[in-house]
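In: kindly return the folded structure for what I paste below:
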Amino acid sequence: MDFVIESGNRLWGCRYGLSAKGEMVNEIYASKLGDFRNWNCFMGLSTDSYAAGCGSDGPFTGAFTQGQPLFFKENCIHRVYGTIPANFQIQTVSCRGVQNGCQGSLANVGGTLLYKSPGGVCAWDGGMPTEIGQALGGVFYKNARAGALGNKYYISMEDGKGKWHLFVYDKARGLWHREDAFAAEGFAGCNGELYALKDNVIWAITGSEGEREAPISWMVETGPLGMELPDRKYVSSLAVRLSMEPGSQVRISIRYDSLGGWEHICTLTGRELRSFSLPVRPRRCDHLQLRLEGRGDAGIYSIVKTLERGSDRM
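Out: Modelled structure (predicted):
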């Protein structure tokens, strides 16, 4: 079989291609109730095995249990309803399914199924899938593998140039972050931790086990601040409130009116674990952007704008 999952004390599988007898098949199967070795018991009982053909074209690209067995192709989702073979029914939903080679991207995040489709990362809650990966841009990704931890979705995938990326989607806040170039071979959760396999080494994503890795570099860049202000108002000052652990560094830069390069304001080094506000006084401009780059643990709590009204002179 192409993919096998468990649901309702049965194993479910699917196959597209030649069977063991050399026949072309496009089918979904279920084992006998409570007996995963028996796939050919057809005695008219509620515990029987099950087999049914599918009318959709193309190979299966993934399978998952989300309250019911789900089987995916790139252009559809097959949902299996029912409790016994006599009332099993397969409903086909024509929509964006799982991208070929991305069967490992399926993960349940807070009751919502997330996966990599041919067009991007999608969220599915039983209706029609919704794309949530617009923030990743128009880059084509493949070979996606993913896992879930709390309300976060970790997905490692390869771009068209062969470079790997580990992205994290925070479902509660609707935010995407790129962590690094981690090329995971697979993910698995256990006892409140998410583990990833890479080069025969198991990594604990939150660092709850093993030796912690060195501090990583990160960057945050705001959108244009001040463009929405009417009546000659402008941003006269900014207050950035953040906390830094000992040894961490944060470099703050600013860019005016989307022109030129970034101007360095200051570099901060954490000496004790505390939070503080850093005042930033920009020069007069139509709008501006802030960039914060750091290494090590730091938290950004707020960026507060102070507005002033300019003169009426032209």
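In: and the helix or strand hosting Val25, what's buried?
Out: According to DSSP states H and E, Val25 maps onto strand 24-30. Using 16 or more other Cβ atoms under 10 Å as the test for burial, strand 24-30 gives 25-26, 28-30. C-beta here means a position set from N, CA and C on the backbone, and glycine is covered the same way.
In: with stretch 218-225 instead?
Out: 218, 225.
In: which pair of the buried residues of strand 24-30 spans the longest distance?
Out: Asn26 and Ala30 (15.9 Å; Cβ to Cβ).
In: hang on, Ala183 packs against Ile155?
Out: No - using Cβ atoms under 8 Å, Ala183 is not in contact with Ile155; the gap is 11.9 Å.
In: so between the two, which is more surrounded?
Out: Neighbours were counted for Ala183 and for Ile155 using other Cβ atoms under 10 Å; Ile155 has more, 28 against 17.
In: isn't the more buried one right up against Val121?
Out: Yes - contact criterion Cβ under 8 Å: Ile155 and Val121 qualify, at 6.8 Å.
In: anything in contact with each of these two?
Out: Between them, Ile155 and Val121 share these contacting residues under Cβ atoms under 8 Å, 6 or more residues apart in numbering: 105, 114, 169.
In: quick one: which of those residues has the most company?
Out: Ser105 (26 neighbours).
In: identify the residues contacting it.
Out: 62, 98-99, 114-116, 121, 144-146, 155, 157.
In: please flag which of the residues you listed sit within helices.
Out: Taking DSSP state H, every one of those sits outside helices.
In: of the residues you listed, just say which sits nearest to Pro215.
Out: Ile155 (23.1 Å).
In: give me the number of residues near the closest residue to the closest one other than its chain neighbours?
Out: Distances taken as Cβ to Cβ, 6 or more residues apart in numbering put Ala146 closest to Ile155, at 4.0 Å, once the chain neighbours are dropped. Residues contacting Ala146 under the criterion other Cβ under 10 Å number 26.
In: checking Ala135 next. Helix, strand or coil?
Out: Three-state call for Ala135 (DSSP: H, G, I helix; E, B strand; the rest coil): helix.
In: for it, which residues are in contact?
Out: Trp176.
In: look up how far Arg178 lies from it.
Out: Relative to Arg178, Ala135 is positioned 10 Å away (Cβ to Cβ, to the nearest Å).
In: kindly report the same for Ala239.
Out: 27 Å.
In: what's the answer for Val280, then?
Out: 26 Å.
In: one more: Val93?
Out: 31 Å.
In: what packs against the helix or strand bottoming out on mean pLDDT in the chain?
Out: Here the helix or strand of the chain ranked lowest by mean pLDDT, DSSP states H and E is strand 274-280, holding a mean of 74. Packing partners of strand 274-280 (3 or more Cβ pairs under 8 Å, 6 or more residues apart in numbering; DSSP states H and E): strand 233-244, strand 249-256, strand 263-269.
In: okay, those, which one's buried deepest?
Out: Ranked by mean neighbour count, the helices and strands packed on strand 274-280 are led by strand 249-256 with a mean of 18 (mean count of other Cβ atoms under 10 Å).
In: for stretch 104-113, give the mean pLDDT please.
Out: Across stretch 104-113, pLDDT averages out at 95.
In: ends of that stretch, what's the gap?
Out: 12 Å (Cα to Cα, to the nearest Å).
In: could you give me the buried positions within that stretch?
Out: Applying 16+ other Cβ under 10 Å to stretch 104-113 flags 104-107, 109, 112-113 as buried.
In: list the buried residues for stretch 63-81?
Out: Neighbour-count burial for stretch 63-81, with 16+ other Cβ under 10 Å as criterion, is recorded at 63-64, 66, 69-74, 76-80.
In: min pLDDT across those residues, which one?
Out: At the low end of pLDDT for the buried residues of stretch 63-81 is Gln66, which has 93.
In: mind checking the helices and strands packed on strand 274-280 for the one nearest to Gly13?
Out: strand 233-244 (50.8 Å).
In: tilt between that closest one and strand 274-280?
Out: Angle of strand 233-244 versus strand 274-280, following axes from the mean of the first three to the mean of the last three Cα atoms, to 10 degrees, is 150 degrees.
In: distance from the chain centre to strand 233-244, please.
Out: What separates the centre of strand 233-244 from the centre of its chain is 31 Å, taken as Cα atoms, centre = their mean, to the nearest Å.
In: pLDDT of it, averaged?
Out: The model assigns strand 233-244 a mean pLDDT of 81.
In: what pairs with that strand, parallel or antiparallel?
Out: strand 274-280 (antiparallel), strand 298-309 (antiparallel) (DSSP bridges).
In: for Ala123, see how far away the residue nearest to Ile155 is.
Out: Taking Cβ to Cβ, one finds Ala146 at 12 Å from Ala123.
In: thanks again, I'm all set now.
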